[in-house]
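S.K.: This is the structure alone, sequence omitted:
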């Protein structure tokens, strides 16, 4: 009790005698922990202010016993150096592997040979001739049989709905189908209980806490199985049960020699059977392809796709609900395409690869959404060998370099004085072409060899969903302002409650 009282007194002392210029003071023993504790409830705003005041790069030092030696940077030259120019010297590292342990040996946490293997397999899958049309078919089918019935129901009965939850269910259903050929049908009018949603949210928050506090604190909680670590472990168990059941289901079907027809029965439109990642691996099994390997691989792609796409859609509709002029311009663009295709949604989405290139303003609005509200906020790296970054900062194997994409999108020195404005026009060149921004400036999909392999898949799904909703419905937010959670994934803290009206 005495120790706790002394610590509280010391934190209060640090608060009263803090550095007046806004840069955290490096106190004896406690390092810069007092500043972190003081701003924990507003961590995103705190990091924006810190980056502005420190010329885009800041060396954060935790308590002497914590092993928190962090270099926070959003300097584009540093990002280019780490992610592209000297890629081989910067790895995910053992610390991140431990923090994100439920991801196992998947593409998001591994390095070197194993990462390269995952990358090559992913390239084969995502570039397969069957994949893109299967992606469009699966997405459109879920829109037609899942999303639209829910939207019709809530608009007809004037029901307030959490759009963030709706998009999460949509994304998980489609990603389950794409990755494992299994639709959990969580998206329906009666909104069935789907424990995986809360399980993944608890894990994402737990991973953020693991990164934000000294290692010994969360390891002690893990050993005692209390607090956030208890929720983390419970969520992990639910995730594992779900993934392993999908693997068992697929193995049983293959063992019985079950043949799946090339078309599904649908009175309105025939759809190709999903070209799923699990079948792709099982059809090309080698000595490494055991259930644990399949679980790790599928989990990484499943979570990455489900969480990021749904989060981006939530923030997109939040922004256009506050900017009706943007919504109107997107609708005008969609109207021109509908006229060209005789108002036939089936025709549009069966040829979406060709149609997508015409959705210039919609694409720009999605890019602008991701600039302001990137789905994944932090991208950590660890140097293998000592280096001097372009900013002049020295790093070594004990330094964790962290890129903060949320703060980066709001820097005047990077995006101009209007950086806080939602302005899709910044992405459009004369002649209605999308302006290319280098990945080290717009790094929400990372950059270099580890850039997001599912980028085009995400844009395809977001465009299909956005087009259907904007063309047919009007979204009215119950509350005008929303804030992001403190998590690895930038969810809205209290969901996104809306009313939906037929347009």
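M.R.: Received it, and whenever you're ready, just let me know what you need. Every value quoted in this text rests on a predicted model; they were computed, and no experiment measured them.

S.K.: For the chain, which segments count as strands?
M.R.: Remark: strands assigned in the chain by DSSP state E are 57-61, 69-73, 90-91, 161-162, 263-264, 271-272, 378-383, 387-388, 394-395, 400-404, 428-429, 433-434, 473-477, 497-502.

S.K.: For residue 441, which residues are in contact?
M.R.: Residue 441 makes contacts with 76, 414, as judged by CB atoms under 8 Å, 6 or more residues apart in numbering. For every residue, glycine as well, the C-beta is placed using N, CA and C.

S.K.: The chain should start at 488 in everything you say after this.
M.R.: Shifting the count to begin at 488 puts that one at residue 928.

S.K.: so how far is residue 950 from it?
M.R.: 23 Å (CB to CB, to the nearest Å).

S.K.: Equivalent analysis for residue 632, please.
M.R.: 19 Å.

S.K.: Regarding the chain, what is its longest helix?
M.R.: Across the chain, the longest stretch assigned as helix under DSSP state H is helix 778-809.

S.K.: That one versus strand 960-964: what angle between them?
M.R.: 90 degrees (axes from the mean of the first three to the mean of the last three CA atoms, to 10 degrees).

S.K.: In helix 778-809, which residues are buried?
M.R.: Buried positions in helix 778-809, judged by neighbour count with 16 or more other CB atoms under 10 Å: 780-808.

S.K.: go on, stretch 594-609?
M.R.: For stretch 594-609, a neighbour-count test (16+ other CB under 10 Å) marks 594, 595, 596, 597, 598, 602, 605, 608, 609 as buried.

S.K.: Same question for stretch 709-716.
M.R.: 709, 715, 716.

S.K.: residue contacts, the last one?
M.R.: Spelled out, that is residue 716. So residue 716 contacts 693, 705, 708, 709 (CB under 8 Å, 6+ apart).

S.K.: Can you name the residues that contact the first one?
M.R.: Residue 693 makes contact with 715, 716, 718, 719, 722 under the criterion CB under 8 Å, 6+ apart.

S.K.: Could you pull out the helices in the stretch 638-787 of the chain for me?
M.R.: Taking DSSP state H, counting those that start in this stretch to define them, one finds helices in the stretch 638-787 of the chain at 650-667, 682-699, 702-711, 714-742, 764-770, 778-809.

S.K.: Out of those, which is closest to residue 621?
M.R.: Closest approach to residue 621 among the helices of the stretch 638-787 of the chain (CB to CB): helix 650-667, 7.4 Å.

S.K.: Residue 648 contacts residue 983, correct?
M.R.: No. Counting by CB atoms under 8 Å, residue 648 stays clear of residue 983, with 9.1 Å between them.

S.K.: Counting neighbours around each, name which of these two comes out higher.
M.R.: Comparing residue 648 with residue 983 by neighbour count (other CB atoms under 10 Å), the higher total belongs to residue 983, at 24 against 20.

S.K.: Kindly provide the distance from the more buried one to residue 931.
M.R.: In this structure, residue 983 and residue 931 are 20 Å apart, going by CB to CB.

S.K.: What is the end-to-end distance of stretch 888-904?
M.R.: 27 Å (CA to CA, to the nearest Å).

S.K.: er, stretch 576-583 actually
M.R.: With CA to CA, one end of stretch 576-583 sits 16 Å from the other.

S.K.: So what touches it?
M.R.: With CB under 8 Å, 6+ apart as the criterion, stretch 576-583 contacts 569-570, 595-599, 702, 867-872, 874, 887-888.

S.K.: Tell me which residues of it come out buried.
M.R.: 576, 577, 578, 579, 580, 583.

S.K.: and it, what's its mean pLDDT?
M.R.: The pLDDT scores in stretch 576-583 average 92.

S.K.: Same question for stretch 515-527.
M.R.: On average, stretch 515-527 scores 86.

S.K.: what do you get for stretch 710-719?
M.R.: On average, stretch 710-719 scores 95.

S.K.: ok, residue 584 - how many residues close by?
M.R.: Residue 584 is flanked by 17 other residues according to other CB under 10 Å.

S.K.: For it, list the residues it contacts.
M.R.: Counted by CB under 8 Å, 6+ apart, residue 584 has contacts 596, 597.

S.K.: Please repeat the previous calculation with a cut-off of 10 Å.
M.R.: 578, 590, 591, 592, 595, 596, 597, 598 (CB atoms under 10 Å, 6 or more residues apart in numbering).

S.K.: what would those residues look like in CSV with distance to residue 988?
M.R.: Formatted as CSV, these follow (distance: CB to CB, whole Å):
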residue, distance to residue 988
578, 50
590, 40
591, 44
592, 47
595, 39
596, 43
597, 47
598, 50
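
S.K.: quick check, nearest of these to residue 818?
M.R.: Once CB to CB is applied, the member of the contacts of residue 584 that ends up nearest residue 818 is residue 595, at 36.5 Å.

S.K.: Can I get the strands of the chain in CSV including distance to residue 856?
M.R.: Below are these laid out as CSV (distance: least, CB to CB, whole Å):
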stretch, distance to residue 856
strand 544-548, 26
strand 556-560, 24
strand 577-578, 28
strand 648-649, 19
strand 750-751, 33
strand 758-759, 29
strand 865-870, 18
strand 874-875, 34
strand 881-882, 32
strand 887-891, 17
strand 915-916, 15
strand 920-921, 14
strand 960-964, 14
strand 984-989, 16
